[in-house]
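**Student:** 3D model of this:
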Amino acid sequence: MAEKRFNRSNALAVICAAILVGTEILAAALALGWAVGGLMDWGREVTYGLIGLSLLGGLYVTMLFVRNAMKAEPFYE
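**Tutor:** You can find the predicted model right below:
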């Protein structure tokens, strides 16, 4: 059976896209938690908790993006 080869261009494309999209998703999640907490005037602790929850959601969405990007651009061929 033939050995699978590592495709550097696909890996680089996925890594670069993950950095770009992940940064945007996490920034939007942070802004969402900060804005909702501030608009509702829930206090500092609740706002920080909301920011933390939204960042966890952003990390999950980023993980899903990377997983799907790796399916579209496989590292090994």
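**Student:** C-alpha from now on. contacts and neighbour counts both.
**Tutor:** Fine.
**Student:** Surely residue 32 touches residue 53?
**Tutor:** No. In this structure, residue 32 is not within contact of residue 53 by C-alpha atoms under 8 Å, at 10.3 Å.
**Student:** Would you map the helices across this structure?
**Tutor:** 8-40, 44-72 (DSSP state H).
**Student:** Would you mind listing the buried residues in the first one?
**Tutor:** Buried residues in helix 8-40, counting neighbours by 16 or more other C-alpha atoms under 10 Å, are found at 10-11, 14, 18, 21-22, 25-26, 29-30, 32-34, 37.
**Student:** Send me stretch 13-21 as CSV with only the CA atoms.
**Tutor:** In CSV, the C-alpha atoms belonging to stretch 13-21 read as follows (Å, rounded to 0.1, in the frame of the first residue of the first chain):
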residue,chain,number,x,y,z
ALA,A,13,-4.0,27.2,3.9
VAL,A,14,-5.9,25.6,6.8
ILE,A,15,-3.6,27.1,9.5
CYS,A,16,-3.8,30.6,7.9
ALA,A,17,-7.6,30.4,7.6
ALA,A,18,-7.9,29.1,11.1
ILE,A,19,-5.9,32.1,12.5
LEU,A,20,-7.9,34.6,10.5
VAL,A,21,-11.3,33.2,11.0
